[in-house]
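1. 3D, please:
(chains A and B)
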Protein chains: 2
Amino acid sequence: MSDTLLTDRTRVVRHPERGAYDRETIHQILDAGFLCHVGFVSEGQPFVIPTGYGRKGEYLYIHGSAASRMLTNLAQGVQVCVTVTLLDGLVLARCAFSHSMNYRSVVVLGRAVLVDDPAEKLEALHVISDQIIPGRWAEVRQPSEQELKATSVLRLPLTEASAKIRTGPPKDSAADYALPIWAGVLPLRLTPGDPVRDSRFDGPPSQAPSQIPASVRSYNRGR
Amino acid sequence: MSDTLLTDRTRVVRHPERGAYDRETIHQILDAGFLCHVGFVSEGQPFVIPTGYGRKGEYLYIHGSAASRMLTNLAQGVQVCVTVTLLDGLVLARCAFSHSMNYRSVVVLGRAVLVDDPAEKLEALHVISDQIIPGRWAEVRQPSEQELKATSVLRLPLTEASAKIRTGPPKDSAADYALPIWAGVLPLRLTPGDPVRDSRFDGPPSQAPSQIPASVRSYNRGR
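-> Presented below is the predicted three-dimensional model:
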């Protein structure tokens, strides 16, 4: 197994000092997110579709209905690009030109294949669920055989990828540091609000769930 | 000008009830975001790259260095897909299978062209800046002629697009509503933290900027 996921196609061209290609960095970024944008080509036209994902070892898993256009295309073994972007802040410079964003992103290239084995499929769904909201899987009804059949899971090996990271304050041109203009970083973070309980409950009133479960109560994307 | 941006390629196949194709809905979603994922094809391989954008009228503008691989490819007039995703919450059902997310997303297909006219380029950068952080443009040093030349701006017409929206509580299968499992929505929102001032200032101490400017102080993605 190669130590680097760098290829000519994943080399960061713009701001090469922000690029990283080692598994540890790439895994860390992938593990901190749960929403990716999947790119694929259909009749010459690129499509970019947001979807949830999970990582386990050297694989990314994505899922969805077997009916979706995206999965139908992907399952044919076409080349895909899966991009994960974590936005960490706005970088506010003294001049318009030097404004930027702080972010961690990963681009994975490869061919996704359909997961056929029911045990691997179930495990992949567990991985995706845990990535989106850790602990929720254990709190809910597990998938039936019929539900499993209605779900497609795709597996993409992490063999060709890059990370790109920007951190820190703005980088202004030398003269601009004398301008009396406030500059710095405005951090941004995906933050949970108050959980909204679904009021419908058809069981006996004495069994109505009243406690917000741990997975929801302790939800935190700051990993 | 067509009232709808629906085409065979932008029709929402999976969960068609979530699709919308009218300009108003599509504009509203685009105006609430500022980060897009641009998909393009290079030598048969799709690439998906995150970048800032702005909307003005019936155009999307994206920008970056003239050196970037993405812009070099786009400027040749290749087909692109620009996707904007606003994540509004996690939809927590009684069973693993019915979990979902609340979101608003837009997919735009088309050909992006380079903006050559300096006045349109400057205006496009203003639009992009205002979309990322309203009011900041007026607080900072404007681009020099040299900086403008070093920036590429691309324009993509809004002629073929779709919106996809999910809102509301989970939709469980009938029997599951009797399960004593907490279900509902965990809202998510991109929230600013405390601004971090860049401590470097090379001007006279009496002119050091001490006030956090209005654009930063009142930043709010809840539009």
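
2. Residue A:130 and chain B, how far apart?
-> 11 Å (Cβ to the nearest Cβ, to the nearest Å). For every residue, glycine as well, the C-beta is placed using N, CA and C.

3. Now that residue, what are its backbone angles?
-> phi -60, psi -30 (degrees, to the nearest 10).

4. What are the neighbouring residues in contact with residue A:9?
-> A:109, A:160, B:45 (Cβ atoms under 8 Å, 6 or more residues apart in numbering or on different chains).

5. one more time with 10 Å
-> Contact analysis of residue A:9 by Cβ atoms under 10 Å, 6 or more residues apart in numbering or on different chains lists A:81, A:107, A:109, A:160, A:161, A:162, B:42, B:43, B:45, B:47, B:69.

6. swap in residue A:3?
-> Contacts of residue A:3 (Cβ under 10 Å, 6+ apart): A:21, A:22, A:23, A:24.

7. could the contacts of residue A:9 go into CSV alongside distance to residue B:95, secondary structure and pLDDT?
-> Output for the contacts of residue A:9, formatted as CSV (distance: Cβ to Cβ, whole Å; DSSP: H, G, I helix; E, B strand; the rest coil; pLDDT from 0 to 100):
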residue, distance to residue B:95, secondary structure, pLDDT
A:81, 32, strand, 94
A:107, 33, strand, 97
A:109, 34, strand, 96
A:160, 36, strand, 96
A:161, 33, strand, 97
A:162, 37, strand, 96
B:42, 41, strand, 85
B:43, 43, coil, 83
B:45, 38, strand, 89
B:47, 36, strand, 92
B:69, 43, helix, 65
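
8. which pair in those spans the largest distance?
-> A:161 and B:43 (17.7 Å; Cβ to Cβ).

9. so where's chain A shaky on pLDDT?
-> Along chain A, the model assigns pLDDT under 70 to residues A:1, A:64-76, A:222-223.

10. what residue of it is the furthest out?
-> residue A:178 (39.8 Å; Cα atoms, centre = their mean).

11. In this structure that one contacts residue B:209, no?
-> No. Counting by Cβ atoms under 10 Å, residue A:178 sits too far from residue B:209 to count as a contact (11.3 Å).

12. overlap in contacts of these two?
-> A:94, B:201, B:203.

13. my hunch is that the second one is in a strand, does that hold up?
-> Think residue B:201. No. Residue B:201: not assigned to a strand; according to DSSP: H, G, I helix; E, B strand; the rest coil it is coil.

14. burial measure for the nearest residue to it once chain neighbours are set aside, as a count.
-> Counting by Cβ to Cβ, 6 or more residues apart in numbering or on different chains, residue B:208 is the residue found nearest to residue B:201 once chain neighbours are left out, at 4.9 Å. Taking other Cβ atoms under 10 Å in any protein chain shown as the criterion, the count of residues near residue B:208 is 13.

15. cool, residue A:189 as well?
-> Residues near residue A:189, counting by other Cβ under 10 Å: 16.

16. just the buried members of the contacts of residue A:9?
-> Neighbour-count burial (16 or more other Cβ atoms under 10 Å in any protein chain shown) applied to those gives A:81, A:107, A:109, A:160, A:161, A:162, B:45, B:47, B:69.

17. Of the shared contacts of residue A:178 and residue B:209 - the most surrounded one?
-> Neighbour max across those (other Cβ under 10 Å) = residue A:94, 25 neighbours.

18. any idea how far that one lies from residue A:133?
-> 41 Å (Cβ to Cβ, to the nearest Å).

19. and if you look at residue A:182?
-> Per Cβ to Cβ, residue A:182 is found 38 Å from residue A:133.

20. Of the two, which one has the most company?
-> The neighbour comparison of residue A:182 against residue A:133 (other Cβ under 10 Å) goes to residue A:182, with 22 against 19.

21. my read: that one touches residue B:209, true?
-> Yes. Between residue A:182 and residue B:209 there is a contact at 4.2 Å, judged by Cβ under 10 Å.

22. Find the residues that touch each one of these two.
-> A:94, B:139, B:197, B:198, B:201.

23. Which residues are in contact with residue A:102?
-> A:86-91, A:165-170, A:185-188.

24. what helix or strand is it on?
-> Assigned by DSSP states H and E, residue A:102 belongs to strand A:100-111.

25. cool, residue A:170 as well?
-> Under the assignment given by DSSP H and E, residue A:170 is not contained in any helix or strand.

26. and residue A:105, how many residues sit next to it?
-> So residue A:105, with other Cβ under 10 Å, has 22 neighbours.

27. Now do it against chain B, distance only.
-> 6 Å.

28. Contacts only, for residue A:187.
-> Residue A:187 touches A:87, A:88, A:89, A:90, A:102, B:191, B:192, B:193, B:194, B:195, B:196, counting by Cβ under 10 Å, 6+ apart.

29. So the spatially closest residue to residue A:56 that is not a sequence neighbour: helix, strand or coil?
-> Distances taken as Cβ to Cβ, 6+ apart put residue A:127 closest to residue A:56, at 4.7 Å, once the chain neighbours are dropped. Under three-state DSSP, residue A:127 falls in the helix class.

30. Please tell me I have it right and residue A:127 contacts residue A:30.
-> No. In this structure residue A:127 lies outside contact range of residue A:30 using Cβ under 10 Å: 11.5 Å.

31. And those two? Which one has more around it.
-> It is residue A:30, of residue A:127 and residue A:30, that has more neighbours when counted by other Cβ under 10 Å, with 24 against 21.

32. how about the strands of chain A, start to end?
-> With DSSP state E as the definition, chain A shows strands at residue ranges A:19-20, A:35-42, A:45-56, A:59-65, A:79-92, A:100-111, A:113-114, A:151-157, A:160-166, A:184-192, A:196-197.

33. Show residues contacting the last one.
-> Read it as strand A:196-197. Contacts of strand A:196-197 (Cβ under 10 Å, 6+ apart): A:208-210, A:212, A:216, B:89, B:92, B:168-169, B:182-187.
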